[in-house]
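Undergrad: this one's structure only:
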């Protein structure tokens, strides 16, 4: 418990920064027009492949007895993969809207 309090004390400015980023992000996303929302979100989800690479690096560098790093790395790989696939699926569905329908 003391190590958690010590960690928070050492990184309080980063914690404040993350909280501020959450509020600014929510405010920014809420003001995006719905016409732009789908392309922006699909592109952002596809860019999250960086998260996937980071999670693979965490898994690669973690010790075999460090279960916390292994679990966090595995969850990161799983969520990052779902996010990247979801980004491409949304992009594909968005691009389908602009294709011309074949004439009968």
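TA: Okay, I see it. Please read all numbers here as calculations on a predicted model, not as lab measurements. Numbers count the residues shown, from 1 in each chain.

Undergrad: when you work out contacts or count neighbours from here on, use the C-alpha atoms and nothing else.
TA: OK.

Undergrad: got the phi and psi for residue 102?
TA: Backbone torsions for residue 102, taken as degrees, to the nearest 10, come to phi -70, psi 140.

Undergrad: any idea how far it lies from residue 96?
TA: 13 Å (C-alpha to C-alpha, to the nearest Å).

Undergrad: how about residue 64?
TA: From residue 64 over to residue 96 (counting by C-alpha to C-alpha), the distance is 45 Å.

Undergrad: and for residue 29?
TA: As judged by C-alpha to C-alpha, residue 29 and residue 96 stand 24 Å apart.

Undergrad: can you check residue 21 too?
TA: For residue 21, the distance to residue 96 - C-alpha to C-alpha - is 33 Å.

Undergrad: again with residue 77
TA: Shown here: residue 77 relative to residue 96, a distance of 29 Å by C-alpha to C-alpha.
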